[in-house]
Structure formats: C-alpha cells, structure tokens
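Engineer: I would like to see how this sequence folds:
(one chain, ligands or ions: 2)
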Amino acid sequence: MTAAEPRREWDERAGVRTSPRRRLGDELRRGQLFFPPALVPYFDHPLTGALPGHQRTALLARHLYQYLGFTAQFETRVVNRATERIAGGRGGTDVPTATRLDAYRIYVDEGYHSLYSLDVIDQISRASRITPAPYDFGPFLARLDEVGERALPDETPLAQLLQVVVFETLITAILNDVPKDLRVLTVVRDIVRDHARDEGWHHAFFSGFFRELWARQPAALRGRVARCLPGLIRSSLLPDLRPVRASLAAAGLRPAAVEDVVRDSYPAGRVDEDIRRASRHAVRLFEETGVLDVPGGREAFESAGLLR
Ligand SMILES: [Fe+2]
Ligand SMILES: [Fe+2]
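Structural biologist: Ligands and ions are numbered 1, 2, ... in the order given. Sure thing, here's the model as predicted:
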C-alpha cells in the first residue's frame with residue numbers, strides 16, 4: 001500500500017479535524033436554492049414546471065433531503081461495514097498496520113459525513129418547515145447485496161469490500177457540481193465541498209487497496225470478481241425512483257402524471273450515460289489491474305454498457 005501522502009496529511013486536512021460545524025444562516029429568506037436544479041432530472045419537466053412556485057421549491061428541498069438521507073445511511077451501513085473489516089485486520093488480505101490506521105481514519109470520516117448529512121436535513125427542515133419524507137434505505141441495500149450474493153455466494157466479506165471499492169472510486173456529478181452553484185444555500189455547498197475533499201483521498205486509498213486485493217485473489221476467484229463488478233457499479237448508480245415518485249406525489253401530481261414525469265426524466269439512454277460517466281475512473285482502475293483481461297471480464301463490462 002502506498003497511501004503515504006494522505007496518511008501524513010489526515011490530521012491537517014480531514015474535514016472532521018479541520019472544518020467547523022456548518023450552519024444554515026439566514027439565507028432561506030433571500031431565496032437561495034436547496035439544490036442545483038440542473039442536478040434534478042425532473043425539475044424542468046412540463047408537468048413539474050407547471051406546479052406553483054412553493055411546490056417547486058419543496059421538490060428541490062426533498063431532493064436535497066433524499067441525497068443527504070441516502071448519504072447518511074450509505075456511509076455507515078455500506079462503506080463502514082467493509083472499512084471496519086479492513087481496519088480490524090479482517091479484510092481478507094494481510095495489510096500493514098499503517099493501512100489499518102488509514103481504514104480507521106476513513107471510518108471516522110464516513111461517520112462524520114453521516115452526522116452532518118442528518119444535521120443539515122434537521123437544520124433546513126426546521127427552518128423551512130418543509131418536512132422530509134421517511135426514507136427506507138433497506139430496498140436499496142437489499143438490491144446491492146443481492147448482486148454480490150449472486151456473483152460471489154460464499155464470499156460475503158469479499159463482495160462487501162468490492163462494493164466499497166466500487167463506490168469509493170465513483171465520481172458523481174453532485175460532489176463536483178453542487179459547490180459551484182452560487183444560487184445554492186451556503187451550508188449545502190459547504191458540506192458537499194467538505195465531503196468531496198475527504199473523498200479525494202478515500203479514492204486513492206481504495207484504488208491502492210483494490211490493487212493489493214486483486215493481486216492476492218486466486219485465479220479461480222478472479223473471473224467471478226470480474227463478472228461481479230459491473231453489476232455492483234450499476235446497482236450503486238441506478239437512480240432510486242421510489243423517493244422521486246413520493247416527492248412528485250407530495251407536490252400534488254396525480255399517479256399517472258407521476259409516472260409520465262419519471263418515464264420522461266429518466267430515459268434508459270441518459271441513465272446509462274450518467275452511469276458510464278460516473279464510473280469511468282473505477283473502470284480505468286479495473287482495466288489497469290487486468291480485471292477486464294480475465295475470461296468473461298471485458299464482456300461483462302461491455303454488456304453492462306460501461307465501455308465506450
Ligand atoms: Fe463519504
Ligand atoms: Fe468515502
């Protein structure tokens with residue numbers, strides 16, 4: 001493992017060590033946005049465009065809550081489930097103590113990301129009086145776990161490590177674009193920027209970790225790992241449409257209109273293109289390490305639409 005630089009810098013750079021608690025100021029009165037409209041695929045659909053202004057505002061607030069609520073759950077229930085294995089020396093591959101310490105640092109980071117995600121939902125919902133809908137992460141997690149269980153039935157810890165390698169090497173538009181939109185609430189831009197900074201070195205750590213893990217896999221398992229990864233990528237990035245439908249219904253759209261908006265706003269081609277774009281670094285990592293060269297590897301990535 002060669003994550004020397006991030007390790008040295010964590011005490012000076014990690015958000016949990018250096019950033020203050022982010023607070024909502026008085027920006028709601030000034031009409032700052034909850035979330036960038038460009039990142040909400042259904043926001044400009046004619047049926048949502050025709051809604052009254054306060055309902056459109058609430059759509060953006062609920063989209064923010066959904067993103068933060070998902071993050072709060074994902075970090076602790078998926079990322080830290082596997083990161084704790086590495087930290088505890090149960091990652092299925094011998095790692096030096098320095099790597100275990102880094103894994104504990106990431107564990108702390110992810111716990112902190114969950115904390116401020118829920119904190120900001122709480123601050124904004126109190127001040128705006130726009131209530132977050134209850135969010136059940138269970139179905140998303142079940143779908144993600146099922147991909148690993150099907151491809152690697154007797155290798156649950158390995159499948160969970162791969163989930164995290166995949167997720168931590170994805171680059172989503174939200175982390176990049178939210179901080180740049182000056183119309184968005186400062187507290188939202190601040191926590192997304194804080195988060196993106198931490199994720200930069202998580203990305204480096206998990207890329208290095210995967211290289212080690214892959215190098216130590218017996219040949220018999222490599223094919224199964226290679227064929228499992230595309231499904232993990234897709235199930236991590238497929239939009240979760242249940243909360244979208246609930247939000248559109250809460251805005252006053254009838255069931256048939258909700259379905260029209262969802263169908264028009266998430267066409268398969270656009271979803272696939274977004275998945276390809278967000279996973280390009282992960283796919284490059286798997287190409288460099290030789291994952292695509294094992295029998296069936298390239299075909300699995302190709303048929304998942306991940307290669308250009
Ligand atoms: Fe995170
Ligand atoms: Fe992370």
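
Engineer: Residue in the chain with the shortest distance to ligand 2?
Structural biologist: When scored by CB to the ion, the chain has H202 as its residue closest to ligand 2, at 3.6 Å. All C-beta atoms are positioned from the backbone trio N, CA, C, and that covers glycine.

Engineer: so how many other residues sit close to that residue?
Structural biologist: Applying other CB atoms under 10 Å, we find 22 residues neighbouring H202.

Engineer: OK, contacts around it?
Structural biologist: I106, D109, E168 (CB atoms under 8 Å, 6 or more residues apart in numbering).

Engineer: Show me what from the stretch 101-250 of the chain comes close to ligand 1.
Structural biologist: The stretch 101-250 of the chain comes close to ligand 1 at residues E110, H113, as judged by CB under 5 Å from the ion.

Engineer: For this structure, give me the ranges with low pLDDT.
Structural biologist: For the chain, residues meeting the criterion pLDDT under 70 lie at 1-8.

Engineer: Around ligand 2, pick out the residues from it.
Structural biologist: E199, H202.

Engineer: about what we covered before: quick one, phi psi at the residue of the chain closest to ligand 2?
Structural biologist: Torsion angles at H202 (phi, psi; degrees, to the nearest 10) stand at phi -60, psi -40.

Engineer: burial of the residue of the chain found nearest ligand 1, as a residue count?
Structural biologist: Distances between the chain and ligand 1 by CB to the ion are smallest at H113, namely 4.0 Å. Number of residues near H113 (other CB under 10 Å) recorded here: 25.

Engineer: Then the one 5 residues further on?
Structural biologist: A count of nearby residues for L118, using other CB under 10 Å, gives 17.

Engineer: The nearest residue to it once chain neighbours are set aside is in what secondary structure piece?
Structural biologist: In space, and not counting its chain neighbours, L118 is closest to A72: 4.8 Å by CB to CB, 6 or more residues apart in numbering. Using DSSP states H and E, A72 sits in helix 53-74.

Engineer: related to what we said a few turns ago, OK, contacts around the residue nearest to L118?
Structural biologist: By CB under 8 Å, 6+ apart, the contact set of A72 is H113, S114, L115, S117, L118, I121.

Engineer: residues contacting the fifth one?
Structural biologist: To tie it back to what came earlier, the one meant is L118. L68, G69, A72.

Engineer: Quick one: residues contacting the second one.
Structural biologist: Taking CB under 8 Å, 6+ apart, we find G69 in contact with S117, L118, I121, P132, Y135, F137.

Engineer: do the same with D145
Structural biologist: By CB under 8 Å, 6+ apart, the neighbours of D145 are A159.

Engineer: neighbours around D119, how many?
Structural biologist: 18.

Engineer: Doesn't it lie inside a helix?
Structural biologist: Yes - going by DSSP: H, G, I helix; E, B strand; the rest coil, the assignment for D119 places it inside a helix.

Engineer: Leaving out chain neighbours, which residue sits closest to it?
Structural biologist: Per CB to CB, 6+ apart, closest to D119 is R21, 7.3 Å.

Engineer: Wait, a strand at the one you found?
Structural biologist: No - looking at R21 with three-state DSSP, it is coil, so not inside a strand.

Engineer: what's the spacing between stretch 132-148 and its chain's center?
Structural biologist: With CA atoms, centre = their mean, to the nearest Å as the basis, stretch 132-148 stands 13 Å off its chain's centre.

Engineer: Likewise for stretch 182-196?
Structural biologist: 16 Å.

Engineer: And stretch 162-172, by the same measure?
Structural biologist: Distance of stretch 162-172 from its chain centroid, counting by CA atoms, centre = their mean, is 8 Å.

Engineer: if we can go back for a sec, for the contacts of G69, which single residue is the most surrounded?
Structural biologist: Most neighbours among these, by other CB under 10 Å: S117, with 23 neighbours.

Engineer: my guess is it meets Q66, correct?
Structural biologist: No - the criterion here is CB atoms under 8 Å, and S117 misses it with Q66 at 11.0 Å.

Engineer: ranges for the helices of the stretch 101-250 of the chain?
Structural biologist: Listed in chain order, the helices of the stretch 101-250 of the chain (DSSP state H, counting those that start in this stretch) span 138-151, 156-168, 173-177, 186-215, 219-237, 241-250.

Engineer: Okay, buried residues for the helix holding A72 please.
Structural biologist: Using 16 or more other CB atoms under 10 Å as the test for burial, helix 53-74 gives 56-74.

Engineer: Then stretch 12-24?
Structural biologist: Here stretch 12-24 shows A14, G15, V16, S19, R22, L24 as buried, counting by 16+ other CB under 10 Å.

Engineer: Find the residue closest to the fourth one in space, skipping its chain neighbours.
Structural biologist: To tie it back to what came earlier, the one meant is S19. Setting aside the residues directly before and after it, S19 is nearest to D194 in space (CB to CB, 6+ apart), at 5.0 Å.
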